[in-house]
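Asks: Need coordinates for the following:
(2 chains)
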Amino acid sequence: MTACGLAILGVLVLIVYQLVSRSSLSWHAFGFKFFASSEWDPVNEQFGALPFIYGTLVSSFLALAIAVPLAVGVAVFTTEMCPAALRGGLSFFVELLAAIPSVIYGLWALFVLVPLLSAYVQPFLAKTMGWTGLFTGPPYGIGMLAAGVVLAIMIVPIISSITREVLLVVPQHQREGVLALGATRWEMIWVGVLRNARAGIVGGIILGLGRALGETMAVTMVIGNRPEIAKSLFAPGYTMASVLANEFSEATGDTYLSALIEIGLALFVVTIIVNALAQLLVWTVTRGQPARGHA
Amino acid sequence: MPESAGRIPVPRGMPSISLRRRITDRLMTGVAVLTVLLVLTPLIAIFGYLIYRGVVSINWAFLTQTPKPVGEPGGGMANSIVGSVYILGIASIIGVPFGIGAGIYLAEFGRNRFGSVVRFTADVLNGVPSIVTGIVGYSIVVLYQRHFSALAGGVALAIMMVPTITRTTEEMLLLVPQAMREAAYGLGVPRWRTTLSITLRTATAGIITGVMLAFARVAGETAPLLFTAFGNQFWSLRYDQPMAALPLQIYVYANSPYDDWHRQAWAGAFVLIVLIVTAVAAVRYVVRRGTFGAA
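Replies: Prediction:
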């Protein structure tokens, strides 16, 4: 049994070893410039990962901006407001969102969401908020905005289920105390519940971010896959995960493959840090909770 | 406990509460309801489209034939469905014993520093992007075999299954009352025997739940298979050859320019979601009945 426990550590070590050793070629060739250059030219073997890093960050944070208010709202509704009869069913449906495979999100987004965006949402955004420079250019539908929206739908269940868990740990007497002072229900939630659960909610958000950073299929199908840095959210982009999905099996030449694996390594390191941070935050809040408690 | 949060009597319409505060309260309740509706909309839309586009596209040919060459209508995904099951089988053979073993270790012998390290590693592994697992499968299997193979896909999926199984196994074993272990020790049963025939047997249903959850989670994974199992237009039941998989085929068909292939992508997605939802629903049913923790 200890061997199996060791195997878990072994898997992590194996992943790190493989990624590091197989990307060394690219590391020696480009060094830190790899992450600062935006030139991606497989023919001349010049590789820079900046457009992918940019695309990953922008699509993920766009997703967070959309998903966080929604997820927290859902969690607050299911724990504090909704009638007990609805509670189980509602959280089941939200969890169901998490069970849908990424490729099906991509399929749906490609054939349903993207046409909707290009016909209605993008013209509207361009007309009302075009002056910001974020919503300009031809409304193709496919692009950074579509990727952000799909990612948002995908990470809502993660953030909301963790937020819900954290809200349930807030002691009941906090709520009663605030209510006894004459607060309305909303004031009770704001002062007595959300404020107490802050750290855990942030943990859930960061966990959602971790998922969004590494998400591959759905994003690859709608982001447009062009290694360019554009200010407009209508423009196509490219993420670290989707360049791997598209080019890995066709990569010719050792440097090309090595450069792709280095992108994988960077993605791995970032998501590991993000996830570890989130785990620590959630653990500090839910410590001593019976579900995870020690028998 | 916190579960009763919704039942606090809210002092509505108390004269001391100002109009502004009452309006804020109502407004925020409305916002919370709105977020729930906004989150449920895509869920309903996705399932609606899967049924609307998917069900009508399923026919006998789809379930029994292999893909036709480009441009020729007809054909099906029989080889992909079988391939998916095959690859998942390989993943389970590799992943399930390790996952359960590590879970037993954590629950029965992991009350120490090393146990916490393993626990944390498992949680972190859970967040590794699936595309990175694909790279690992590629570099430890494909590079040695010198071509893509079902085995590599199985290894990549197994790496994704282990942490989920480990953590649920641990949780389920911790639910087994300490008194049962003590009763066995009291009869002079050695520790390993107690674990094997008392603790493990009591928690069987719960552990199966965990395995099914992990299974459902990787069943729809596409990214780790892109450059491991790779996909195949023909029948293949050899572990060392490229093999078709349902999610891969959906991805390829969705990105194709042919209407007939789009139709088949929807049909494939429907089959996939039916498989996964059945698994998740079965798991919920078992958990509801509270089969684990028999004492």
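Asks: Strands along the stretch 101-250 of chain A, start to end?
Replies: Counting by DSSP state E, counting those that start in this stretch, the stretch 101-250 of chain A has no strands at all.
Asks: Walking through it, point out its helices one by one.
Replies: A:102-108, A:114-116, A:122-129, A:144-169, A:172-180, A:185-187, A:198-214, A:217-222, A:240-247 (DSSP state H, counting those that start in this stretch).
Asks: ditto for the stretch 1-150 of chain B
Replies: Using DSSP H, counting those that start in this stretch, helices in the stretch 1-150 of chain B cover B:19-49, B:60-64, B:78-104, B:113-125, B:130-137, B:143-145, B:150-175.
Asks: which one of the helices of the stretch 101-250 of chain A lies closest to chain B?
Replies: Comparing these against chain B with Cβ to the nearest Cβ, the closest turns out to be helix A:198-214 (2.6 Å). From N, CA and C alone the C-beta is placed, and that goes for glycine too.
Asks: Now do the closest one against helix B:130-137, angle only.
Replies: 60 degrees (axes from the mean of the first three to the mean of the last three Cα atoms, to 10 degrees).
Asks: quick one: is helix A:198-214 near chain B?
Replies: Yes. Contact between helix A:198-214 and chain B, assessed by Cβ under 8 Å from any Cβ of the partner chain, occurs at A:207, A:210-211, A:213-214.
Asks: Comparing the helices of the stretch 101-250 of chain A, which comes out most buried?
Replies: helix A:217-222 (a mean of 30; mean count of other Cβ atoms under 10 Å in any protein chain shown).
Asks: can it be found next to chain B?
Replies: Yes. Using Cβ under 8 Å from any Cβ, helix A:217-222 comes into contact with chain B via A:217, A:221.
Asks: Which element, helix or strand, includes A:Ile15?
Replies: Assigned by DSSP states H and E, A:Ile15 belongs to helix A:2-30.
Asks: before we move on, the earlier item: among the helices of the stretch 1-150 of chain B, which is the most enclosed?
Replies: Most buried among the helices of the stretch 1-150 of chain B, counting by mean count of other Cβ under 10 Å: helix B:130-137, with a mean of 29.
Asks: before we move on, the earlier item: can the helices of the stretch 1-150 of chain B go into TSV with extra columns for distance to chain A and mean pLDDT?
Replies: What follows is the helices of the stretch 1-150 of chain B, written out as TSV (distance: least, Cβ to the nearest Cβ, whole Å; pLDDT from 0 to 100):
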stretch	distance to chain A	mean pLDDT
helix B:19-49	3	91
helix B:60-64	16	86
helix B:78-104	3	91
helix B:113-125	5	87
helix B:130-137	5	92
helix B:143-145	8	86
helix B:150-175	4	92
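Asks: Export the ones you listed as JSON lines, with columns for distance to A:Asn246.
Replies: Output for the helices of the stretch 1-150 of chain B, formatted as JSON lines (distance: least, Cβ to Cβ, whole Å):
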{"stretch": "helix B:19-49", "distance to A:Asn246": "24"}
{"stretch": "helix B:60-64", "distance to A:Asn246": "27"}
{"stretch": "helix B:78-104", "distance to A:Asn246": "21"}
{"stretch": "helix B:113-125", "distance to A:Asn246": "25"}
{"stretch": "helix B:130-137", "distance to A:Asn246": "11"}
{"stretch": "helix B:143-145", "distance to A:Asn246": "20"}
{"stretch": "helix B:150-175", "distance to A:Asn246": "18"}
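Asks: Among these, which comes closest to A:Gly200?
Replies: For the helices of the stretch 1-150 of chain B, the distance to A:Gly200 is smallest for helix B:113-125, at 15.2 Å, taking Cβ to Cβ.
Asks: what's that closest one in contact with?
Replies: By Cβ atoms under 8 Å, 6 or more residues apart in numbering or on different chains, the residues outside helix B:113-125 that reach it are A:5-6, A:8-9, A:11-12, A:272, A:275-276, A:279, B:102, B:105-106, B:109-110, B:159, B:162-163, B:166-167, B:170.
Asks: how much does it deviate in direction from helix B:130-137?
Replies: Using the same axes, to 10 degrees, helix B:113-125 lies at 110 degrees relative to helix B:130-137.
Asks: right, is the helix holding A:Ile15 up against chain B?
Replies: Yes. With Cβ under 8 Å from any Cβ as the criterion, chain B is reached by helix A:2-30 at A:2-9, A:11-12, A:14-15, A:18-19, A:22.
Asks: list the contacts for the most centrally placed residue in chain B?
Replies: Nearest to the mean C-alpha position of chain B, by Cα atoms, centre = their mean, lies B:Arg217 at 1.5 Å. Counting by Cβ under 8 Å, 6+ apart, B:Arg217 makes contact with A:99, B:160-161, B:164.
Asks: How far away from the center of its chain is the one helix or strand it maps to?
Replies: Assigning secondary structure by DSSP H and E places B:Arg217 in helix B:204-219. How far helix B:204-219 lies from its chain's middle: 7 Å, per Cα atoms, centre = their mean, to the nearest Å.
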